[in-house]
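Enquirer: I'll drop the sequence and a predicted model, then ask my questions.
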Amino acid sequence: MTQEQYNNSVDLLKKWAHAYYVEDNPVASDDEYDRLYHEVLDYETAHPEHLREDSPTQRVGGVVREEFTKARHIRRMWSMEDVFTKDEVREWLERVEKNVGRCEYFCEPKFDGASMNLLYEEGKLKRAITRGDGVVGEEVTDNVRTIRSVPLSIEYKGLIEIRGEVVIRKDDFEAINRERLEEGETPFANPRNAAAGSLRQLDSSITAKRRLVFYPWGIGENTLSQTKLSEKMDFIYAQGFLKPPYSKECTTLEEIEIFYQFLISKRDEIPMMMDGMVIKVDEIEKQEELGYTVKFPKWMCAYKFPAIEKVTKLLDITLQVGRTGVITPVAEIEPVNIEGAIVSRATLHNFDEIERKDIRIGDYVIIIRSGDVIPKIIKVLEDRRTGEEIPVKRPTYCPTCGSELLDEGALIKCQNLECPDRVVNSIIHFAKKGCMDIDGLGSKIVEQLVKEGKIHDILDLYRLTYEDLADLEGFKEKKINNLLGAIAATKGAPLHRLISAMGIEHIGEVASKALALEFGLDIVDATFDEIVAIDGIGEEMANSLLEFMRVNREKVLKLFEVVQPTVEEKVEAEENPFKGKSVVLTGTMSESRGKIKELLESRGAKVSSSVSKKTDYVIYGEDAGSKLTKAESLGVTTLTEDEMRKML
Ligand SMILES: NC(=O)c1ccc[n+]([C@@H]2O[C@H](COP(=O)([O-])OP(=O)(O)OC[C@H]3O[C@@H](n4cnc5c(N)ncnc54)[C@H](O)[C@@H]3O)[C@@H](O)[C@H]2O)c1
Ligand SMILES: [Zn+2]
């Protein structure tokens, strides 16, 4: 890096930091920011004479926004040094121990939220101040009062500054963004900006709606006498604050590394966004001996997790035709490595989303991949446009069969029932697990069969003969017999699985069960009023089912004839505490969860997989994780397996 490049980089970082800290609306990804930041830092270490005082390496956070009252922290608030590899942790530990000898290290998650300082006096919450530039922050007391995990009063009567992170749950974050998009506002780029933006509301009722959570991680001004940070924190938790789900005291690099890997393995499960692990020297005396740089304490560091957000370029948008004919746009992106996986495509739900986000071909975009979630574009970096970007047009003809498309606004559909992509995808769906579960009929084989003209629709599967398959490439006697056997074995399958397998839009497994129980084979003649009378089935589902039956009535009747599905009897469950209740199972139980699900369903319970405010009971076994925590945070009744059995 030359001095000129250094100066330009500092200017760029400053611009990015302002957008991030002050506007809550970043124009770069964290990964990019961190990279440039470290290049700048390297240059400054090599050329201390060129160091600019206004470099982001020399200051904490951003400036205070005009609309808010400024307030001073009693003790300064800091930023944190970050390390990215085990080797860097080793170096960090060596540096620490060279100065103060062997230490104990307190390790805990680094939640990615907004830094907050709470001042308590005589047991009352007096003031809540954002970190700001570390010396002066914004007073947001009224907003913070709406956060349920911030106690308004505590037992301890001394003056104390309790520091922590205001975080937003990942699912709330997504919900807020959906809402913002609907209202034509720009979505928040990440949970941290969403938390910060929610705190900086001039109207507290908006903050209140955001369901923020506060996790304490440290103390500023205080007169507590404990000699270790972890002991002080235990005292804080005992005052009624939330304790992070995991923390560990370590003494060696190996222990630190093991806990780090453990936290990474919990990354998707924990409802809050974690971007690393914090390592802190536990002994207060040693902390003081180590002291501070201009920006951060020398006694703690953030051991960052690998980035799950990356910036990349949108190369093209291609179209996929689903089994219901819906055309889904797919973003083809310049391949990037996210946590070891090469990502080259991302989903876009529909064309309205492209228009709302104003995504153009050639744009730089931030994409995120977390857990098993398919990568998605979360933000367009409009600042980086060159003017060459090409707006995306809504398609008017099917990319597969060429028929004219029906544009319904949010959805664009190919209406040609014989469209090859629709046929292939509907057969793949028909054959998959949870539907008809036809072993040996995966997507490749379906494509082959359709392409070779062996099948044109689902019914054709049941007409396949040995001779039909014998001349296909890769089909030997055993494979043919297995496939024909697997298809024949679907005869007599439960009706609800057959309904599910038909792939009616909006009708999933649960709805299929309810429909099968209610109507049996008469489902082809069900009326709108009868359908919506079923608990859990809404108008959209009813219309979709009616439309499907209108178009496919004859085919469905034929299918019933060939498959001869087993019609389940409708038996009223006897009265019991779980009848009609919504139940979620989590953790390891004495039998498989599938078995326990069946048991509860036979008693009239609805068993679902995610916890919400509508859940009546969460029944947990051993090693229960985030679902249990979520239930507790929502105030949902939790039961052990034993308690459940007693109630039955
Ligand atoms: N995308 C962008 O344009 C952009 C711009 C500026 C900064 N950033 C991001 O912000 C980071 C720098 O921000 P920063 O200086 O606030 O540092 P930081 O967020 O990396 O770390 C410091 C903060 O961590 C928080 N924290 C969470 N858990 C904690 C715990 N257990 N103990 C102590 N503190 C805990 C505290 O609020 C503390 O202030 C960069 O690494 C970058 O990722 C991004
Ligand atoms: Zn088509």
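Expert: Sure, I can see it. Residues are numbered from 1 along each chain as shown. Ligands and ions are numbered 1, 2, ... in the order given.

Enquirer: The closest residue to residue 647 other than its chain neighbours in helix, strand or coil?
Expert: The spatial neighbour of residue 647 that comes closest, neighbours along the chain excluded (C-beta to C-beta, 6 or more residues apart in numbering), is residue 577 at 4.7 Å. From N, CA and C alone the C-beta is placed, and that goes for glycine too. Look at residue 577: counting by DSSP: H, G, I helix; E, B strand; the rest coil, its state is coil.

Enquirer: Hmm, residue 577 is touching residue 643, no?
Expert: No. Taking C-beta atoms under 8 Å as the definition, residue 577 is not a contact partner of residue 643, at 10.4 Å.

Enquirer: Report the contact partners of whatever residue of the stretch 501-648 of the chain ends up closest to ligand 2.
Expert: Closest approach of the stretch 501-648 of the chain to ligand 2 (C-beta to the ion) occurs at residue 551, with a separation of 15.2 Å. Taking C-beta atoms under 8 Å, 6 or more residues apart in numbering, we find residue 551 in contact with residue 417.

Enquirer: Please settle this for me: is it part of a helix?
Expert: Yes. With the criterion set as three-state DSSP, the secondary structure at residue 551 is a helix.

Enquirer: What separation do you get for it and ligand 1?
Expert: Residue 551 is 49 Å from ligand 1, where distance means C-beta to the nearest ligand atom, to the nearest Å.

Enquirer: Now do the helix or strand of the chain with the lowest mean pLDDT: everything it contacts.
Expert: Counting by mean pLDDT, DSSP states H and E, the chain has its least confident helix or strand at helix 170-182, which shows a mean of 80. Under the contact criterion C-beta under 8 Å, 6+ apart, helix 170-182 has outside partners 168, 186-188, 190-191, 194, 198, 210-211, 271-273, 353, 356-357, 370.

Enquirer: Pull out the buried positions in it.
Expert: Residues 170, 172-173, 176-177, 180 are the ones in helix 170-182 that count as buried (16 or more other C-beta atoms under 10 Å).

Enquirer: try stretch 529-536
Expert: Of the residues in stretch 529-536, 531, 534 count as buried by neighbour count, 16+ other C-beta under 10 Å.

Enquirer: Over to stretch 186-193?
Expert: For stretch 186-193, the neighbour count (16+ other C-beta under 10 Å) marks 187-193 as buried.

Enquirer: now the residue of the stretch 201-350 of the chain found nearest ligand 1, what's its secondary structure?
Expert: Ligand 1 sits closest to residue 217 of the stretch 201-350 of the chain, with a gap of 3.5 Å, by C-beta to the nearest ligand atom. Put simply, residue 217 is strand when judged by three-state DSSP.

Enquirer: For it, list the residues it contacts.
Expert: If you count contacts by C-beta under 8 Å, 6+ apart, then residue 217 has 108, 163-165, 233, 244, 278 around it.

Enquirer: ranges for the strands of the stretch 151-300 of the chain?
Expert: For the stretch 151-300 of the chain, applying DSSP state E, counting those that start in this stretch gives strands covering 160-168, 212-219, 248-250, 274-281, 300-304.

Enquirer: The longest one: how far from the chain's middle?
Expert: Relative to the chain's own centre, strand 160-168 is displaced by 23 Å; criterion: C-alpha atoms, centre = their mean, to the nearest Å.

Enquirer: relative to strand 274-281, how tilted is it?
Expert: 160 degrees (axes from the mean of the first three to the mean of the last three C-alpha atoms, to 10 degrees).

Enquirer: avg pLDDT for strand 160-168?
Expert: What strand 160-168 shows for mean pLDDT is 97.

Enquirer: Could you see whether ligand 1 lies near it?
Expert: Yes. With C-beta under 6 Å from any ligand atom as the criterion, ligand 1 is reached by strand 160-168 at residue 165.

Enquirer: what lines up beside that strand in the sheet?
Expert: Here strand 160-168 has these sheet partners by DSSP bridges: strand 114-121 (antiparallel), strand 212-219 (antiparallel).

Enquirer: Run a quick neighbour tally on the residue of the stretch 1-150 of the chain found nearest ligand 2.
Expert: In the stretch 1-150 of the chain, no residue comes nearer to ligand 2 than residue 29, which is 36.9 Å away by C-beta to the ion. Burial of residue 29, expressed as a neighbour count using other C-beta atoms under 10 Å, amounts to 25.

Enquirer: Quick check: chain neighbours aside, which residue is closest to it?
Expert: Looking at residue 29 with C-beta to C-beta, 6+ apart, the closest residue is residue 311, at 4.6 Å.

Enquirer: Can you pull the residues of the stretch 351-500 of the chain lying near ligand 2?
Expert: Proximity of the stretch 351-500 of the chain to ligand 2 (C-beta under 5 Å from the ion) is limited to residues 398, 400-401, 414, 416, 419.

Enquirer: please redo it, this time with the cut-off set to 8 Å
Expert: 398-403, 405, 414, 416, 419-422 (C-beta under 8 Å from the ion).

Enquirer: Just put those residues in CSV and tack on secondary structure.
Expert: Putting these into CSV (three-state DSSP) gives the following:
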residue, secondary structure
398, coil
399, coil
400, coil
401, coil
402, coil
403, coil
405, strand
414, strand
416, coil
419, coil
420, helix
421, helix
422, helix
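
Enquirer: For ChimeraX, what selects the buried ones among those?
Expert: Selecting only the buried members of these in ChimeraX, with burial defined as 16+ other C-beta under 10 Å, works like this:
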select :398,400,405,414,416,419,420,421,422
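
Enquirer: surely the residue of the stretch 1-150 of the chain closest to ligand 2 meets residue 366?
Expert: Yes. With contact taken as C-beta under 8 Å, residue 29 and residue 366 are classed as touching, separated by 5.0 Å.

Enquirer: any shared contact partners between these two?
Expert: Common contacts of residue 29 and residue 366 (C-beta under 8 Å, 6+ apart): 309-311.

Enquirer: Closest one of these to ligand 2?
Expert: For ligand 2, the closest of these turns out to be residue 310, at 33.5 Å, with distances computed as C-beta to the ion.

Enquirer: Can you report phi and psi for that closest one?
Expert: Backbone torsions for residue 310, taken as degrees, to the nearest 10, come to phi -140, psi 160.

Enquirer: check contacts around the nearest residue to residue 324 once chain neighbours are set aside.
Expert: If you skip the residues right next to it in sequence, residue 324 has residue 505 as its closest partner in space, 4.6 Å away by C-beta to C-beta, 6+ apart. Taking C-beta under 8 Å, 6+ apart as the definition of contact, the neighbours of residue 505 are 324, 326, 544, 548.
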